[in-house]
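Engineer: below are the sequence and a predicted model; questions follow.
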Amino acid sequence: MQFVIAFMKKLPWGTIGLGLGGLILGLLWGYVFFPIQFTNATPAILRADLQEDYLRMTLDSYRLNPEPNLAVQRWQNLGANAPQMLEAIKANPGGIDSAVIQSYTDLVIKVLGSTAPPAVTPVSSTSTLVISIAGILILLVIIAAAFIYLRRLLGKRGSGVTTVTMQAAELSKQTEKTNFESLGLAPPITQIMTTYVLGDDLYDESFSIDAPGGDFMGEYGVGVSETIGVGDPKKVTALEIWLFDKNDIKTATKVLMSPHAFNDPAIRARLEPKGELVIMEPQKQIILETATLQILATIADLSYGTGPLPDKSHFERVTLELAVWPKGA
């Protein structure tokens, strides 16, 4: 469950929302507001072979009923391809009397002046204008929505204001990682630094574990487990580290608690169902194991907050080093 929640939180919901909005808008535009409609369509929209069949039937009908207006109307229904179809039939009558073909040709020339393609009726300029304006307005709405989203996403970067998230990232970058190879240990599959800073109420980090060949092995992370007191920002008194193994049905979890929370029976009772309780201490190392994975968590930096709450009851900042190996490595 934690793996699913972590994955959902990492999704770019703003981009997904814009994409879905554009898709819905396009479907409404194409199927509700301006759907394609064929009403009283003529053979002009048919394939060439079907147009030729239509003209052959027209000639056969003309042989039985040489009504001039009907014959000319059917000719005009073929559109610009009518002369080409007529020449194809002349070259290969296929059972049609050549006298009927000539008589039909003479009739068309007599009524229309020639066998040139019929004039195309232009689309109403008013309809074209309305559709064009509506399309432009919808495009402007989509562009405006995308601009607002990107501005909100990138606004803080250009404002010169250092957010708690940026501060935490900088602290993680400044903390030196352990060189496990110099200690005689195999290099971990993955090794990261993550920092919680007071004010980051949504602190919840998760990372993928991939084999050297790229196969997915699992996921691990750390997030807020318990807060204390009231008001903003939230005062975090416990963090939880978890390790998900695709080959294990159970996710390993340990709860890292402040000394105050660790010694408070009520808080302990609430957190015990989540996993093993561990008191926070600088440079302390915690191990989590699953069927095929193990993680070593080191408390690289620890600072407690001040104020009206009890001493060492909530964190000002916590930097954790998380390193993962295959079990038994």
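Structural biologist: Received it, and whenever you're ready, just let me know what you need. Numbering: from 1, shown residues only.
Engineer: can you tell me which helix or strand residue 320 belongs to?
Structural biologist: According to DSSP states H and E, residue 320 maps onto strand 315-326.
Engineer: what comes up buried for that strand?
Structural biologist: Residues of strand 315-326 classed as buried by neighbour count (16 or more other C-beta atoms under 10 Å): 315, 317-325. No exception for glycine: its C-beta is placed from N, CA and C like everyone else's.
Engineer: what is the nearest of those to residue 94?
Structural biologist: Minimum distance to residue 94 across the buried residues of strand 315-326 is 78.1 Å, recorded for residue 324 (C-beta to C-beta).
Engineer: for residue 312, helix, strand, or coil?
Structural biologist: Three-state call for residue 312 (DSSP: H, G, I helix; E, B strand; the rest coil): coil.
Engineer: ok, residue 232 to residue 195 distance?
Structural biologist: 20 Å (C-beta to C-beta, to the nearest Å).
Engineer: out of the two, which sits in the busier spot?
Structural biologist: residue 195 (24 against 7; other C-beta atoms under 10 Å).
Engineer: is it true that that one touches residue 318?
Structural biologist: Yes - judged on C-beta atoms under 8 Å, residue 195 makes contact with residue 318 at a distance of 6.9 Å.
Engineer: what is in contact with those two at once?
Structural biologist: residue 301 (C-beta atoms under 8 Å, 6 or more residues apart in numbering).
Engineer: buried ones in the strand or helix carrying residue 166, by neighbour count?
Structural biologist: In the assignment (DSSP H and E), residue 166 maps to helix 164-174. Of the residues in helix 164-174, 164, 167-168, 171-172 count as buried by neighbour count, 16+ other C-beta under 10 Å.
Engineer: just the angle between it and strand 315-326, please?
Structural biologist: With axes from the mean of the first three to the mean of the last three C-alpha atoms, to 10 degrees as the basis, helix 164-174 and strand 315-326 are set at 50 degrees to each other.
Engineer: what stretches of the protein score poorly on pLDDT?
Structural biologist: 1-14, 38, 115-132, 149-162, 329 (pLDDT under 70).
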